[in-house]
Structures are given as structure tokens and as C-alpha cells.
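Engineer: pasted the sequence and its predicted model underneath.
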Amino acid sequence: MNAQKRIEELRQLINYHNHKYYVEAKPEISDRQFDQLLDELEALEAKHPELITPDSPTQRVGGSPISEFVTIRHRVPMLSIDNTYNAGELREWDRSLRKLLPKQTIHYVVELKIDGVAMNLTYENGLLTLGATRGNGEEGDDVTHNIRTIPEVPLRLNTKYPPKLFEARGEVYMNRADLVEVNRKRIQQGLEPYANPRNLAAGSLKLLDPKQSAERKLHFFAYASGAMEGVSVKTHTELLELLKSYGFAVNSHVTRCENIEEVIEVCQSWSEKRRDLPYETDGMVIKVDDLEQRNQLGTTSKFPRWARAYKFEAEQALTRLARIEVQVGRTGKLTPVAHFEPPVLLAGTTVSKASLHNADEIARKDIRVGDMVVVEKAGEIIPQVVRVEKSARTGAETVFEFPKHCPVCGSPTKQEKDSPFVMCTAPRGTCGAQIKRKILQFVRRDAMDIEGVGKSLVEQLVDNDLVKTIPDLYRLDEAQLLTLERMGKKSAQNILEGIAASKNRGLSKLLAGISIPNVADNMADILAQEFLTIDALMNASEERLSRINGFGPERAKGVYEFFRSESTIDMIEDFKELGLKLDETKREFPAASNAKQNPQAQGGGQSIVGKTIVVTGTLSRYERSEIEDLIRQLGGKPSGSVSKKTDYLVVGENAGSKLEKAQSLGVKILTEDEFDQLIGKN
Ligand code: IVH
């Protein structure tokens, strides 16, 4: 069989099994067999790059990160739907429709309202050309790079005769289990958990790098259409069949109803059952089935007349707010936290406390200690106090006052005029809570990655006054560490080695670690690449900062002020004295001049600029993240999987299938020593 034929056959097979697995949940082959098909296709495409097409299943996650989002205008606006909350409101809606369509029979379709992010997918001549968020309904963001990674999204419509234009609409969502996992990791990293699946799905679609969003395990259900040319349907039921035949996942819980009483029964039947679904729903959507009738009904200024959402009531519980504790955050912000007695069971978990956010929120809801309060889970995840049951007041309730002094360090607290937040005013390093959180932020894996320094050690170091500022970490010695509980000589040495090794992480990782307001890890990297040295960054004007891609005036102001504060200036001075690496190598060198600019290449090595390098197995001198950072610094592109685009595979001990694959593709294979030689490192 010739290569082209086999490639086509493999693509069909892979799409078929992908559909069986993700859309129908009825896999016919094992994961291993599936991987073999994909490997065979990748190998063939590597030999025949001219045969690679954008709809090949190998091209889902291959895209490179984008630098910013492009706004696009929807061909057909994406409307939202008016809400109803009970049977009476549904009946009223039905009456109003029958008045507008006298003598006609109206059939309804009832679907689950998936709690995710609405998406419009454009297919031109069958090929996926655009995935865009709803945005404000008229204009949204182009997120095609992330949409392509979702397994239920066909890259090409499964039809011999594709329409000229077809837009599928639906919901990008996440399964509850994956969501809980993402939040668990965020809490570990000291980040705010996502309040609901919608925010998380939206956050994931906003990632610039498709590899990261692929890790978020997004899914897609199709439930509507946008613009269409060259295809037509008469009813919503027909549309859902068409979507299925094109290869989309359509939610299986769809019911066609003859009248509104049937609709009500279906809606009510889901109020409890929905908790057994693997994904979150926040109601039902009811749509008129006949598209001609929809046409006649039209839309109001905001909503279509032919659809309604039926919202489930969030589960609520009544309990006593026994006390309010104040937590002190990394930035010194005091957060009031309500503790409930007894704890209550809500949406499957026991809830004993909830953030009250800030002073304004407490005043607005008039929450007092001792009150009976109604608690619910916002978006089914984060508990919150909805309101006070004032009729239950006995007069013994007390108005909560923020402490005048920080509960952790005793410094005075203060609330600025325009801010709802009360802050600890402790000067640098004197508030234990702040410094602990700041240090954890600094040592975490995606920042300075200091091995051996975790939460319990940081607590001990701060509680024992061994560390008051981040630079103090670098001043620790063995004798000091040995004074800590259960600390042995070997562990102490390992910790000191871990700390010393982090001195060379460079500017990007350092900026990610020092808690610059509103600067996440990717922004820290952008800053490092833009300025290359800490001094250049510290000297940058507010206006210069605001010109950086992704920086608005507000973020620019935050960064500017951060580097003007005395505590930051002192910290950076300390870093300089302690010998931390405070610069970064520009990543993309122009190929010709690279050797001159690249210090490592000057040492006799060869340029790896633009080269795609995969690392596999266990190396003796580098951690995986270390060598990947090094590759990046030298202008190369570290990658996780071997393909025909791979320039080098660096192998360590116990290398497995990647090595075999590289051999079969003829990729150049390097040992760790050979890699060091390549980059001119002795
Ligand atoms: S139909 C004009 N069907 O709910 C009607 N929407 O405000 C187009 N949603 O923005 C939407 N599940 O994000 C429809 N089965 C479903 C849905 C659904 C969730 C979301 C969608 C929309 C919002 C309605």
C-alpha cells in the first residue's frame, strides 16, 4: 500500500476510535492499540511531511503558543437566554408563545444546561477554521489553538459533502473530578481556587499555550448552530442529528416534549439526578423545536423568545455563624472567615467555614457573630454566606470589628479610603503569615524550584525567626538548620544544596517568585525576556511597562510601584550581594548572529537556536525542568514528544518508547555528555 493511502486509512481509523472513546464512551480498542495507530501515522507523516494536513489527528496539540488574543465578530450574534425559576414561570412563557402562534402546536426540546463556556466553531468546506468564545455576544476571542485540543471537536466534519459554511455552537466544559484536581493544585500553590466550572473552563481557554490548556482536560457538547450555507434543517431535533452525524458529541439527555407539562416534569426530574452526572449543570434549557416557529417568534432586544433556561435552586442550609477568624494573606490582606456550628452538608461535602471576603461585604449583608445564616455553594463549589436570617436574632449577636492589630504579627492594621480591604502594615519581613506565604511562593516548583523547602520547613524557619525575608533563605547555615525539630545533618546539607542551586535559576523564575502584584508566571517570563536584566526592569518607566504585550495601565502601575517600594529595593540589593543570577538570555536569537550573542556557544559549542529537543529518561546532572530551562535559554525549543520535527533526543537512563521512536525516525540521539558538548559546556 502506498504511504498516502495508509495515511488516509490511519486517519480514518484514529478518528473512528477517537469518536468511539470520547463521544460514544464505547471504546473498541485498548489505549495502547490507539497509541500504536497514532505512532504509525506520526512516523509516516514524518517521512512524508508534504502529506500532513491541518485536520490530521496528529495536529491537535502541535500548535505553538500565541502571543495575544484576536477579537473576531460573530456572523450571527450569540444570544443568551432568559431565566425561569419555577413551573409557574414556564407555564406563563408557554401561554405567551401560544398567543403569538395561535392555532399552532408547539413542541419543545428540553436539554441540560451545561455549566461551561459557550463556543462558536466555524467549519469552511468541512474544515475547522475558527473557534471563538461568546464574548459580549457580538464579538468574542479567537481561541482556535485551544479548541483544537478538545477531543470531541472534529477537525473536519465527518461527511463526504461538507457544506460551504457550518457553525456549530455548544459548551466547553470540564468534568467535576478534573476540576477538583485543578483546584487542589491551586490551593497547594497558594492560588485562589476557581469558584465554578465556568470560570475554570474560561480560564483554560484563555491560556496562550495549547499544551497547557490540553492538560486541563476540556470537553465539548454541541447544542446549536450559528451561520450555515449549503445545508438546512427544519427542526432542532434534526439539527442535533446532523451535529451527531458530523461527529460532534451531543448530550444524550435530550427530551422532546409535546407540551409544557411534560417539559416541567422533565425539568423537575433533574433537580436531584443531576448530581450523579460527571459534569456540572446549572439548570435546563427549553427550546421550541420547529425552526420556522422560532423565526416567527423572533427575539426581544436581549433574548430569543423561543428559548428559556430553567435554573435549579442552589442547595442551601441554615446554620450558626459561631465566630469570624481573620487570615493574613501573602500581600498582608486580612480576610475574615466565618466558622459554622454545626457544619452543614452541601452538594455532597461538609462545609464548616466560608470566606466573608472583606469589610464591605460583611456590612452589606449585615452579618453578625452568632447570627443564623443561609449558606450555599456558589457554582456548587465555593461555599458562601447568602444572607442572615434576621428573624432568628436574639439580641446576643455581636457586630464584627476587624482587629486593630494583625493577628499574626501584632502590627497595626489599616484600611485605605478607596479599598474594601483591611491590611497588615507590618514592614518587610515582620509579619509571619505574610513572609511564610511569600517564601512558599518563591520556593515553589514553577518559580525558584528549591528542592527540600516545603510548607512545614518554611513554617519552622519563620516561627523560629531564622528567616524573616526571602534573601534570609540564602543566609541559612547548617548549624541553624540543625536547631530545628527532627532535622538531621544529611537533610540539612540537602536543603542548603537545594537553596544554593536555585541561585542560578535566572530572572524569569525569580520574578515569578517574588509576588509582584498581578504578575503570573507567564507574565514574569515576558518581563524577563523584555528587559533581560533586573536593573533594566527596575529602571523602566510606567509608560514603558504599559507598552508590553498583555500589560494594561493598571498592571504596569502595579509593577512600577512594586519596584519603587523600599522593601523590594532592599530585597534586590540583597539578591545581588548574595550572588543570585538576575538576568536572562534572550530566547529567540536571529540565527546568523547567535554564536556571538550566545555565551555558551562562544565556549566552543554549536547553536541550538530554533532546534526542537526532546529529553527522555533520567539524567545524572540535570533535573528535567532544569535542562528544559537551559534549552529554552539557549534559544532551543524543549518538547515532550518525538516527531519528525525533533532535531535532537537527549537520552538518560531507562529511556523507553521515545528512544525507539527517535531511532525509527532517524532523529539525532545525544547522551547527556554529548548534549553538554553540543552547547559548549565542559
Ligand atoms: S442554547 C439562544 N443549550 O447557557 C440560545 N445553551 O444563557 C443559545 N448553555 O450562553 C444557547 N447548555 O453558554 C443552549 N443545552 C444548551 C446549553 C446552553 C448550556 C449555556 C450557553 C448559553 C447560556 C444561556
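Structural biologist: Perfect, thanks for sending it.
Engineer: write out the residues of the stretch 201-350 of the chain neighbouring the ligand.
Structural biologist: When proximity is defined as CB under 6 Å from any ligand atom, the stretch 201-350 of the chain approaches the ligand at 223, 224, 285, 304, 307, 309. From N, CA and C alone the C-beta is placed, and that goes for glycine too.
Engineer: out of those residues, list just those in strands.
Structural biologist: Those of those mapping onto strands are 223, 224, 285, 307, 309, per DSSP state E.
Engineer: relative to residue 496, how far out is the second one?
Structural biologist: Spelled out, it's residue 224. Note on residue 224: its distance to residue 496, by CB to CB, to the nearest Å, is 60 Å.
Engineer: farthest-apart pair in the ones in strands among the residues of the stretch 201-350 of the chain next to the ligand, please.
Structural biologist: 224 and 309 (13.4 Å; CB to CB).
Engineer: can you pick out the residue with more neighbours from those two?
Structural biologist: Neighbour count, other CB atoms under 10 Å: between residue 224 and residue 309, residue 224 has more, with 21 against 17.
Engineer: quick one: the strands in the stretch 101-250 of the chain, in order.
Structural biologist: 108-114, 117-124, 127-133, 139-141, 165-173, 219-229 (DSSP state E, counting those that start in this stretch).
Engineer: and the first one, what does it pack onto?
Structural biologist: Okay, so that is strand 108-114. If you count contacts as 3 or more CB pairs under 8 Å, 6 or more residues apart in numbering; DSSP states H and E, strand 108-114 packs onto strand 219-229, helix 236-246, strand 255-257, helix 260-273, strand 281-288, strand 307-311.
Engineer: in stretch 667-682, what counts as buried?
Structural biologist: Within stretch 667-682, the residues scored as buried using 16 or more other CB atoms under 10 Å are 667, 670, 672, 675, 676, 678, 679, 680.
Engineer: if residue 124 is in a bridge, with which residues?
Structural biologist: residue 127, residue 165 (DSSP bridges).
Engineer: shouldn't it be in contact with residue 165?
Structural biologist: Yes - applying CB atoms under 8 Å as the test, residue 124 and residue 165 come out as touching, 6.0 Å apart.
Engineer: quick revisit: mind putting the buried residues of stretch 667-682 in TSV, pLDDT included?
Structural biologist: TSV is the format used below for the buried residues of stretch 667-682 (pLDDT from 0 to 100):
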residue	pLDDT
667	89
670	91
672	88
675	90
676	85
678	85
679	83
680	74
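Engineer: tell me which two in these are the farthest apart.
Structural biologist: 667 and 680 (21.5 Å).
Engineer: so who does residue 78 touch?
Structural biologist: Neighbouring residues of residue 78 by CB atoms under 8 Å, 6 or more residues apart in numbering: 118, 120, 134, 135, 137, 140, 169, 226.
Engineer: tell me how far the ends of stretch 274-289 are from each other?
Structural biologist: For stretch 274-289, the first-to-last residue distance is 23 Å (CA to CA, to the nearest Å).
Engineer: buried residues in it?
Structural biologist: Quick answer for stretch 274-289 (16+ other CB under 10 Å): 274, 279, 280, 281, 282, 283, 284, 285, 286, 287, 288, 289.
Engineer: nearest to the ligand among those residues?
Structural biologist: residue 285 (4.0 Å; CB to the nearest ligand atom).
Engineer: may I have the beta-bridge partners of that closest one?
Structural biologist: residue 111, residue 309.
Engineer: could the buried residues of stretch 667-682 go into JSON lines alongside distance to residue 185?
Structural biologist: Formatted as JSON lines, the buried residues of stretch 667-682 follow (distance: CB to CB, whole Å):
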{"residue": "667", "distance to residue 185": "33"}
{"residue": "670", "distance to residue 185": "33"}
{"residue": "672", "distance to residue 185": "30"}
{"residue": "675", "distance to residue 185": "31"}
{"residue": "676", "distance to residue 185": "33"}
{"residue": "678", "distance to residue 185": "35"}
{"residue": "679", "distance to residue 185": "33"}
{"residue": "680", "distance to residue 185": "37"}
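Engineer: which non-adjacent residue is nearest the most centrally placed residue in the chain?
Structural biologist: For the chain, the residue sitting closest to the mean C-alpha position, by CA atoms, centre = their mean, is residue 204 at 3.5 Å. Excluding the flanking residues, the one nearest residue 204 by CB to CB, 6 or more residues apart in numbering is residue 216, at 3.9 Å.
Engineer: again, but for residue 182
Structural biologist: Using CB to CB, 6+ apart, the nearest residue to residue 182 is residue 200, at 6.2 Å.
Engineer: verify the stated contact: residue 44 with residue 5.
Structural biologist: No - counting by CB under 8 Å, residue 44 stays clear of residue 5, with 10.4 Å between them.
Engineer: which one's more surrounded, those two?
Structural biologist: Taking other CB under 10 Å, residue 44 and residue 5 do not tie; residue 44 has more neighbours (18 against 9).
Engineer: now the more buried one: phi and psi?
Structural biologist: Backbone torsions of residue 44, given as degrees, to the nearest 10, read phi -70, psi -40.
Engineer: how much space separates it from the ligand?
Structural biologist: To the ligand, residue 44 is 39 Å away according to CB to the nearest ligand atom, to the nearest Å.
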